[in-house]
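Peer 1: model this:
(chains A, B, C and D)
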There are 4 protein chains.
Amino acid sequence: MEDLLESSSSWLSDDDLRSARERVPMVYVNAVPVRTNDDGEIREVGLLLRGMPDGTISRAIVTGRVLYGERIRAALLRHIEKDLGAVALPRVPVILTPFTVVEYFPDPSVTGFHDPRQHAVSLAFIVPVAGDCAPSQDSLDLIWVTPEQAASDQMQAEMTGGQGRLVRLALAAGARLP
Amino acid sequence: MEDLLESSSSWLSDDDLRSARERVPMVYVNAVPVRTNDDGEIREVGLLLRGMPDGTISRAIVTGRVLYGERIRAALLRHIEKDLGAVALPRVPVILTPFTVVEYFPDPSVTGFHDPRQHAVSLAFIVPVAGDCAPSQDSLDLIWVTPEQAASDQMQAEMTGGQGRLVRLALAAGARLP
Amino acid sequence: MEDLLESSSSWLSDDDLRSARERVPMVYVNAVPVRTNDDGEIREVGLLLRGMPDGTISRAIVTGRVLYGERIRAALLRHIEKDLGAVALPRVPVILTPFTVVEYFPDPSVTGFHDPRQHAVSLAFIVPVAGDCAPSQDSLDLIWVTPEQAASDQMQAEMTGGQGRLVRLALAAGARLP
Amino acid sequence: MEDLLESSSSWLSDDDLRSARERVPMVYVNAVPVRTNDDGEIREVGLLLRGMPDGTISRAIVTGRVLYGERIRAALLRHIEKDLGAVALPRVPVILTPFTVVEYFPDPSVTGFHDPRQHAVSLAFIVPVAGDCAPSQDSLDLIWVTPEQAASDQMQAEMTGGQGRLVRLALAAGARLP
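Peer 2: Here you go, the predicted structure:
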């Protein structure tokens, strides 16, 4: 949910972005990075550690804004490279139907998905990565955990703004929710 | 794609909306209204006749913008009521995964889905309607056609901006593409 | 998972059905009955109480075999009527893509979805019901619970063979997993 | 739809398989092999040439039966290897929700999907392949065509039993139906 670097390098001034955020919902993408076996079944989930819009340092998945003029597939690849590095070898899904559509609101009571900065509509995908991943730019750390660990109360407590719930929805879509 | 009435009644001035449209992708919903038999299988597709953003009068499905602060389900219901009337009795899907995500661009060559006014990311749903439908507000006409007719070259020629292709993607999702 | 009545009224003798079950996977459907609000969001989940193939009396959802020559939509309607009565007014989804495909095995360790009688591949759907439901035929009871209650540890403990996990996968697909 | 080699090497005698086929629907998988660009978008569709159950030599996609005790992911991989060779490097989807469920009947008028041998319920997937593919065993030929070619009237006429329509449903799911 942190996109300081993105906003400074994108096509909008901070003022223009702030102005748009007050007027219309933003388009976002979420990517849950996973490692699979040869059968395509999820074995591990990648969780970043990063500064979040709510001011906490929390576990999180790949998140970012779709820019004006940008294709969704391109935005997915850009944010995965931004967060996991240039040699993660992501496999963007052939069918671009999100496993869920996340509605983030400044008011956490609306959907439980919370972004204090904005109303965002995020298309969420599971993205297998086959290469080497390293936390990059604004991420502090990257760990790989089993589906059981990712869904555990302990790991869920390390995620804020609904990110933990989103990980569980992803595991459910992959039939790997314990 | 026509939302003159929406923009005049929404929370943004025309200037503010124009300004946002130049900076970020807009969030939209598309609804393909259908009549089904008791088994849930599509029997008829509803097609509106309306002024389109490209200046033509064309066949089209339900389309509209998601407002700041508005839930996607609420936007779907609002636009269906706006286009089909208050007693259409729409059945919004339980699973809010769109059958496709439509990327509209001012440049028609990017995806074939064209909106001269803006870059829009639209979540497209099939919505069965059980009640009486009447074209309302900015729609001139509403017809119900079979899947075969909706996919025919003749009807496809009456749709612009990719709406014809979107109807065929909907029929495919419902396994009713001829 | 109990289909004594079905098997006695279907086109196979018990011997023939047993013989087929030893040779090929069976085709099944699962339906999670729900009540929604006007927006289509799940408010309540219907849970039956019934004798299960594993010999327990447990909470369960609608389940049944697809017969030779039978369409999937017809099998869904037939089993919903068998379990919830003739005036449940089910709304079979327009898009017949299951929210998950359940693989039941006689060995509970393979997938966690367990059927001691057979290897079954089940297409699982969420089906809103708008009418009056009553447990019928081989069901002892029907209760309606909130998504939170359905996902609770207590209710999960009342379901066997993976039915509890299947209910949570359904809630996740409807973005209603707590 | 041709599985002579499969049936001779599987766990059932021809008599037992024939007997089961007369009594219950068979569980099948279909795989539409595709090549994608780095963004995950379909660039080419792989079409086999093979003897079909209806006696014709036709273009077709990967098809085969799920054996008793076999996981769906394993059946997918087995049939892809059988038809495309051992180094096709298929990427089985993380989310095992089929893009469509195909209902094949001996009577071609029921759904348009036709298999003279049996009633089969087939889970259909799009499977990107990254390696070298070669028609193997009972396939005579393999060609790669663009989405436009695959959906063309000419290519559709070379497919029987609904295979052409299934390819178009796959292209629609990948938003690549022309």
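
Peer 1: quick check, A:Thr160 in contact with A:Asp54.
Peer 2: Yes: in this structure, A:Thr160 is within contact of A:Asp54 by C-beta atoms under 8 Å, at 5.7 Å. Every residue, glycine included, has its C-beta placed from N, CA and C.

Peer 1: between these two, which is the more surrounded one?
Peer 2: Neighbour tally, A:Thr160 and A:Asp54, criterion other C-beta atoms under 10 Å in any protein chain shown: the higher count belongs to A:Thr160, 19 against 14.

Peer 1: could you look up the SS state of that one?
Peer 2: When the structure is reduced to helix, strand and coil (DSSP: H, G, I helix; E, B strand; the rest coil), A:Thr160 reads as coil.

Peer 1: how far away is it from C:Arg117?
Peer 2: A:Thr160 sits 45 Å away from C:Arg117, going by C-beta to C-beta, to the nearest Å.

Peer 1: again with A:Leu169
Peer 2: Here the criterion is C-beta to C-beta. By it, A:Leu169 lies 32 Å from C:Arg117.

Peer 1: following the helix or strand bottoming out on mean pLDDT in chain A, which helix or strand comes up?
Peer 2: Using mean pLDDT, DSSP states H and E, the weakest-scoring helix or strand in chain A turns out to be helix A:4-9, at a mean of 40. Of the helices and strands lying after helix A:4-9 in sequence (DSSP states H and E), the nearest is helix A:14-21.

Peer 1: quick check, that next one touching chain B?
Peer 2: Yes: residues of helix A:14-21 are located near chain B by C-beta under 8 Å from any C-beta of the partner chain, namely A:16-17, A:19-20.

Peer 1: that older thread, give me the common contacts of A:Thr160 and A:Asp54.
Peer 2: Overlap between the neighbourhoods of A:Thr160 and A:Asp54 consists of A:His114, taking contacts as C-beta atoms under 8 Å, 6 or more residues apart in numbering or on different chains.

Peer 1: just how off-centre is the longest helix along chain A within its chain?
Peer 2: In chain A, ranked by residue count with DSSP state H as the criterion, the top helix is helix A:72-84. In terms of C-alpha atoms, centre = their mean, to the nearest Å, the centre of helix A:72-84 is set 10 Å apart from its chain centre.

Peer 1: average pLDDT for the helix or strand following that helix, rounded please.
Peer 2: Helices and strands here follow DSSP H and E; after helix A:72-84, the next one along the chain is strand A:100-104. Strand A:100-104 comes out with an average pLDDT of 98.

Peer 1: gap between strand A:100-104 and the chain center?
Peer 2: The gap between where strand A:100-104 is centred and where its chain is centred comes out at 11 Å by C-alpha atoms, centre = their mean.

Peer 1: mind listing what that strand pairs with, with the direction of each?
Peer 2: Strand A:100-104 pairs in its sheet with strand A:120-128 (antiparallel), by DSSP bridges.

Peer 1: distance from the chain centre to stretch A:148-155, please.
Peer 2: Counting by C-alpha atoms, centre = their mean, stretch A:148-155 is centred 17 Å from the centre of its parent chain.

Peer 1: hmm, I typed the wrong one, I wanted stretch A:113-126.
Peer 2: A distance of 9 Å separates the centroid of the chain from that of stretch A:113-126, by C-alpha atoms, centre = their mean.

Peer 1: these two touch, right, A:Ile42 and A:Ala173?
Peer 2: No: using C-beta under 8 Å, A:Ile42 is not in contact with A:Ala173, being 9.6 Å away.

Peer 1: overlap in contacts of those two?
Peer 2: With C-beta under 8 Å, 6+ apart applied, the overlap between the contact sets of A:Ile42 and A:Ala173 consists of A:Ile126.

Peer 1: what about these two, which has more around it?
Peer 2: A:Ala173 (27 against 23).

Peer 1: so which bits of chain A are right by chain B?
Peer 2: For chain A, the residues found near chain B under the criterion C-beta under 8 Å from any C-beta are A:11-12, A:16-17, A:19-20, A:22-27, A:65-72, A:96-101, A:103, A:105, A:110-111, A:119, A:121, A:123.

Peer 1: among these, which ones are buried?
Peer 2: For the residues of chain A next to chain B, burial is judged from neighbour counts taken by 16 or more other C-beta atoms under 10 Å in any protein chain shown, and it is met by A:12, A:16-17, A:19-20, A:23-27, A:65-68, A:70-72, A:96-101, A:103, A:105, A:111, A:119, A:121, A:123.

Peer 1: enumerate the residues of chain A near chain C.
Peer 2: Taking C-beta under 8 Å from any C-beta, the part of chain A that reaches chain C is made up of A:100-101, A:165, A:168-169, A:172-173, A:175, A:177-178.

Peer 1: those residues: which two are farthest apart?
Peer 2: In the residues of chain A next to chain C, the most distant members under the criterion C-beta to C-beta are A:Val101 and A:Pro178, with 24.1 Å between them.

Peer 1: quote the end-to-end distance of stretch A:112-129.
Peer 2: Separation of the first and last residues of stretch A:112-129 by C-alpha to C-alpha, to the nearest Å is 28 Å.

Peer 1: go on, stretch A:82-102?
Peer 2: So stretch A:82-102: terminal residues 21 Å apart, C-alpha to C-alpha.

Peer 1: list the buried residues of it.
Peer 2: Applying a neighbour-count criterion of 16+ other C-beta under 10 Å, the buried positions in stretch A:82-102 are A:82-85, A:88, A:90-102.

Peer 1: for chain C, what is the nearest residue in chain A?
Peer 2: Of all residues in chain A, A:Ala172 sits closest to chain C, with a separation of 3.3 Å (C-beta to the nearest C-beta).

Peer 1: for D:Asp141, see how far away A:Asp15 is.
Peer 2: Following C-beta to C-beta, the distance that separates A:Asp15 from D:Asp141 is 61 Å.

Peer 1: quick one: which of these two has more around it?
Peer 2: Taking A:Asp15 and D:Asp141 together and counting by other C-beta under 10 Å, D:Asp141 has the greater number of neighbours (11 against 8).

Peer 1: tell me which element that one is part of?
Peer 2: When elements are defined using DSSP H and E, D:Asp141 is found to belong to strand D:139-145.

Peer 1: buried set for that strand?
Peer 2: By neighbour count, with 16+ other C-beta under 10 Å as the criterion, the buried positions of strand D:139-145 are D:139, D:142, D:145.

Peer 1: does anything pack onto that strand? Which helices or strands?
Peer 2: Contact here means 3 or more C-beta pairs under 8 Å, 6 or more residues apart in numbering or on different chains; DSSP states H and E; on that basis strand D:139-145 packs against strand D:42-51.

Peer 1: relative to the strand it packs on, what are the paired strands and their orientations?
Peer 2: Taking DSSP bridges as the criterion, strand D:42-51 pairs within the sheet with strand D:26-36 (antiparallel), strand D:57-60 (antiparallel), strand D:139-145 (antiparallel).

Peer 1: out of those strands, the one nearest B:Val32 is which?
Peer 2: Smallest distance to B:Val32 across the strands paired with strand D:42-51 (C-beta to C-beta): 23.8 Å, for strand D:26-36.

Peer 1: relative to helix D:72-84, how tilted is the closest one?
Peer 2: In this structure, strand D:26-36 runs at an angle of 60 degrees to helix D:72-84, with axes from the mean of the first three to the mean of the last three C-alpha atoms, to 10 degrees as the basis.

Peer 1: okay, buried residues for strand D:26-36 please.
Peer 2: With burial defined by 16+ other C-beta under 10 Å, the residues of strand D:26-36 counted as buried are D:26-34, D:36.

Peer 1: C:Gly46: which of those residues is nearest?
Peer 2: Nearest to C:Gly46 among the buried residues of strand D:26-36, with distances taken as C-beta to C-beta, is D:Val27, at 27.4 Å.
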